[in-house]
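>>> The following comprises the amino acid sequence and a computationally predicted model.
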Amino acid sequence: MTVALIPRKQISGQEAWVSAWEHAERLYPAAQLDALVARTLEEMSGLVAGRRVAFAWSGGKDSLVIEWLCAQLGVQACVFGMTNLEYPEFLAWVTDHMPEQLTVINTGQDLAWLRSNPRMIFPQTPQDNARWFRVVQHTAQRRYFKEHGLNLLVLGRRHAEGNHCGPDGLYTNREGVSRYSPIRDWPHEAVLALLKREGYSLPPIYGYPRGWQVGTGNWAQRLYTSTPERGWDETWQINPDLVREAATVLPQAAAYMQLRGVS
């Protein structure tokens, strides 16, 4: 029987995630994981066969599971959407661990863009959070989907993360992009157990403050900070140079540094 340890990530603590990662294979036993994987691959094979398919890759835990599942079916083409605001350490990890057939699409957001869109710095509303995904991930995925004439893009969205996955994991948006979420019903523990069993290396973001809650994304997209000041505090803890550079363009960053008396 599965021991449910982690609630929805937005309300779970870093400690619970770290513990779950350490004990993943006990929390989701091998026999149970094998059965889940078999069901998932059976469903995927029926949808992938005869279609032009790729998957979205972010380096996060769910996209790593998608990478592994797609590899079992011979699907290797994938897309990674990024900005000019990424954590340097994360980009170094991506360089070392990205799939061989990954296409990188930079959607171009930078400090000047943030200066013109200050609400997007540590988004405090669901609408601003959703806008980040539209301007980066969705833009990159749409471009890749159209340029490669795809029939289906496989995603790592899950209900346990609060994501919309569509009926039976499928939906096509108004732009004609068809997305499929095969691990939509996987619990957190199953995701971690598969990655642990297959020997995957996790990106450094999970070791950052609240890293398991926040997940992948650029530093300005950092979620659930409750206040912008906390966002700057956490970014300073992760990499002070990011804040120093931001202070040359963004009044908010300069004000934070002055308030905290840092340089």
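Arrived safely, thanks for sending.
>>> What about T139, how many residues nearby?
16 (other C-beta atoms under 10 Å). To be clear about C-beta, it is placed using only N, CA and C from the backbone, and glycine gets the same treatment.
>>> Where does it sit, in terms of helix or strand?
helix 139-147 (DSSP states H and E).
>>> Need the residues that contact the next helix or strand after that helix.
Tracing the chain past helix 139-147, the next element assigned as helix or strand by DSSP H and E is strand 152-154. Strand 152-154 is contacted from outside by 44, 47-48, 51-56, 66, 70, 75, 79, 141, 144-145, 177-182, using C-beta atoms under 8 Å, 6 or more residues apart in numbering.
>>> Narrow the residues you listed to those in helices?
Using DSSP state H, M44, L47, V48, I66, C70, Q141, Y144, F145 are the members of the contacts of strand 152-154 that sit in helices.
>>> Any idea how far stretch 183-198 is from the middle of the chain?
Put simply, stretch 183-198 sits 15 Å off its chain's centre (C-alpha atoms, centre = their mean, to the nearest Å).
>>> name the helices or strands packed onto whichever strand or helix holds E229?
According to DSSP H and E, E229 maps onto helix 228-238. Counting by 3 or more C-beta pairs under 8 Å, 6 or more residues apart in numbering; DSSP states H and E, the packing neighbours recorded for helix 228-238 are helix 240-247, helix 251-260.
>>> Report the angle between the first one and helix 251-260.
If I follow you right, that is helix 240-247. When axes from the mean of the first three to the mean of the last three C-alpha atoms, to 10 degrees is applied, the directions of helix 240-247 and helix 251-260 differ by 120 degrees.
>>> List the buried residues of helix 240-247.
Within helix 240-247, the residues that count as buried by 16 or more other C-beta atoms under 10 Å are L242, V243, A246, A247.
>>> picking up where we left off before, which members of the ones in helices among the contacts of strand 152-154 are classed as buried?
Buried subset of the ones in helices among the contacts of strand 152-154 (neighbour count, 16+ other C-beta under 10 Å): M44, L47, V48, I66, C70, Q141, Y144, F145.
>>> Could you work out the most separated pair of the residues you listed?
Spanning the widest gap among these are M44 and Y144, at 19.4 Å by C-beta to C-beta.
>>> the strands in this structure, which residues?
53-56, 78-82, 102-106, 152-154, 170-172, 178-180 (DSSP state E).
>>> wait, which of those strands is closest to Y206?
strand 78-82 (17.6 Å).
>>> Which secondary structure elements does the closest one sit against?
Partner elements for strand 78-82 (3+ C-beta pairs under 8 Å, 6+ apart): strand 53-56, strand 102-106, helix 139-147.
>>> repeat that with 10 Å
strand 53-56, helix 61-72, helix 88-97, strand 102-106, helix 139-147, strand 152-154 (3 or more C-beta pairs under 10 Å, 6 or more residues apart in numbering; DSSP states H and E).
>>> Given the shortest one, what are its sheet partners and their directions?
With DSSP bridges as the test, strand 152-154 is paired with strand 53-56 (parallel), strand 178-180 (parallel).
>>> Let's have the strands of the chain in CSV, adding mean neighbour count, distance to W113 and mean pLDDT.
Listed next are the strands of the chain as CSV, based on neighbours: other C-beta atoms under 10 Å; distance: least, C-beta to C-beta, whole Å; pLDDT from 0 to 100:
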stretch, mean neighbour count, distance to W113, mean pLDDT
strand 53-56, 23, 22, 98
strand 78-82, 23, 14, 98
strand 102-106, 16, 12, 98
strand 152-154, 23, 25, 98
strand 170-172, 14, 29, 97
strand 178-180, 21, 26, 98
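>>> Could you export the ones you listed as a markdown table, including distance to L194?
As requested, the strands of the chain are arranged in a markdown table below (distance: least, C-beta to C-beta, whole Å):
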| stretch | distance to L194 |
| --- | --- |
| strand 53-56 | 15 |
| strand 78-82 | 18 |
| strand 102-106 | 20 |
| strand 152-154 | 15 |
| strand 170-172 | 22 |
| strand 178-180 | 18 |
